[in-house]
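K.L.:
Mind folding the following:
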Amino acid sequence: MLYYEEKAPAQPLREYIECYWTLQSDFSLQNELCLPDGSASLIFNFGPNYFRATCHRPNQWQEIGRCSMPHQGKESVLITQQKPVRLLGLRFKPHGMAPFFKVSMMDFPPPFVLFGETLRPFLGDLEEKLWSVDCFEARIAMLNDHFTCRTFDMSAPDDLVKSAISEMVKSAGNLRIGELLDTLCVSKSTLEKKFQEHVGLSPKILSNILRFNSLVYNQQLEPSPSLTELSYNQGFFDQAHLVHSFKAFTGLPPGRFFRQDNLLVEMLRQSFEGRVSEIY
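P.N.:
Just a heads-up that it's a prediction; the model follows:
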């Protein structure tokens, strides 16, 4: 059994958090690929320690214990974990981590994995509380209570960054940066600076991540018969540009990527459209 479910956060948290999720499996995960989404995630692990490696360094595994906060940047990661898999996650919006930590993302440039003492002041006794129950709904209630309390003295998300991300999501990353600047009536340097502070990625990189995810999910749903047609349908200059994008994000050419089983990618596809349309 491989089970994945998402739940929306409480209303006060929706400015900052995309969703809570749970992933459970009674068989082991072996080199499962996770696409980047432009956001940080807080992950609680109720199973054995798991291992992660970036797609471009597949032999350099990092062991992850009970709690971590990773941000993939623009690279996919590989996940390996022995059964049983019992993960609980919180996916921030691209601009959502900085207000909770009261930091500039320039101090935490992606990619990164935070754990241990870095997270303890942020979590308090939350981790121990989550271990005291064995129910997704009960754990969500604890997360909602814990993080809602933190919103009382937090700054609101930056309006310009929020508007820019909303436009990117609506266009599935296909809105050119020049068009985005015109829509928002802002200079490139101002938007770049705000994104580095609040998101940790440039507008162009985040837009490319959203575009790539949309491409992969659409191809899984309605496959194009050839790479040439896929390139054309997704707005790439040519097939070479498409191949370059796949290798940059996954370390694989598109043909090989779509021939292999990507269980986690497929599960996220099923929730992707509904999630982004409701949240943004």
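K.L.:
How about the lengthiest helix in the chain, which residues are buried there?
P.N.:
Among the elements of the chain assigned as helix by DSSP state H, the one spanning the most residues is helix 203-221. Neighbour-count burial for helix 203-221, with 16 or more other Cβ atoms under 10 Å as criterion, is recorded at 203, 205-219. C-beta: built from backbone N, CA, C; applies to glycine.
K.L.:
what two of the residues you listed are the furthest from one another?
P.N.:
Of all pairs drawn from the buried residues of helix 203-221, the one with the largest separation by Cβ to Cβ is P203 and Q219; the distance is 24.5 Å.
K.L.:
What is the burial count for the closest residue to P48 other than its chain neighbours?
P.N.:
The shortest distance from P48 to any residue that is not its chain neighbour, by Cβ to Cβ, 6 or more residues apart in numbering, is 5.1 Å, and that residue is Q82. When counting by other Cβ atoms under 10 Å, one arrives at 14 neighbours for Q82.
K.L.:
Show the backbone phi and psi for Q82.
P.N.:
Main-chain dihedrals, Q82, degrees, to the nearest 10: phi -70, psi 150.
K.L.:
So it sits against F51, correct?
P.N.:
No - contact status for Q82 versus F51: not in contact, 9.5 Å apart, counting by Cβ atoms under 8 Å.
K.L.:
wait, doesn't L227 sit right on G255?
P.N.:
Yes - the pair L227 and G255 passes the contact test of Cβ under 8 Å, sitting 7.0 Å apart.
K.L.:
Neighbour count for the two, which is higher?
P.N.:
Under the criterion of other Cβ under 10 Å, the comparison of L227 against G255 puts L227 first, with 19 against 10.
K.L.:
Spatially, what comes nearest to that one if we skip its sequence neighbours?
P.N.:
By the measure of Cβ to Cβ, 6+ apart, the closest residue to L227 outside its immediate chain neighbours is Q239, 5.0 Å from it.
K.L.:
Report how many residues lie close to that neighbour.
P.N.:
Q239: 16 surrounding residues under other Cβ under 10 Å.
K.L.:
now S25
P.N.:
Taking other Cβ under 10 Å as the neighbour definition, S25 ends up with a count of 19.
K.L.:
got the contact list for it?
P.N.:
Taking Cβ atoms under 8 Å, 6 or more residues apart in numbering as the criterion, S25 is in contact with 1-3, 83-85.
K.L.:
Which one (most neighbours) among those?
P.N.:
For these, neighbours were counted by other Cβ under 10 Å; the highest total belongs to V85, with 22 neighbours.
K.L.:
Report the contact partners of that one.
P.N.:
23-26, 28-29, 47, 50.
K.L.:
Make CSV from the residues you listed and add distance to S163 to it.
P.N.:
Rendered in CSV, the data for the contacts of V85 read as follows (distance: Cβ to Cβ, whole Å):
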residue, distance to S163
L23, 32
Q24, 37
S25, 38
D26, 44
S28, 43
L29, 37
G47, 40
Y50, 37
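K.L.:
Now restrict those to buried residues only.
P.N.:
When burial is judged by neighbour count using 16+ other Cβ under 10 Å, the buried members of the contacts of V85 are 23-25, 29, 47, 50.
K.L.:
which intervals of this protein have sub-threshold pLDDT?
P.N.:
Filtered on pLDDT under 70, the chain yields the residue ranges 272-280.
K.L.:
I'd like the distance from the residue most central in space within it to P225, if you could.
P.N.:
Relative to the mean C-alpha position of the chain, the nearest C-alpha, by Cα atoms, centre = their mean, is the one of D37, at 3.3 Å. Applying Cβ to Cβ, to the nearest Å, the value for D37 to P225 is 28 Å.
K.L.:
hmm, back to that, next, the contact list for the residue nearest to P48, please.
P.N.:
Going by Cβ under 8 Å, 6+ apart, Q82 touches 28, 47-48.
K.L.:
isn't M105 right next to S202, touching?
P.N.:
No - applying Cβ under 8 Å, one finds M105 not in contact with S202, separated by 11.4 Å.
K.L.:
Look at these two and report which has more neighbours.
P.N.:
Between M105 and S202, M105 has the larger neighbour count (other Cβ under 10 Å), namely 21 against 15.
K.L.:
nearest residue to that one other than its sequence neighbours?
P.N.:
The nearest residue in space to M105 (Cβ to Cβ, 6+ apart) is G200, at 3.5 Å.
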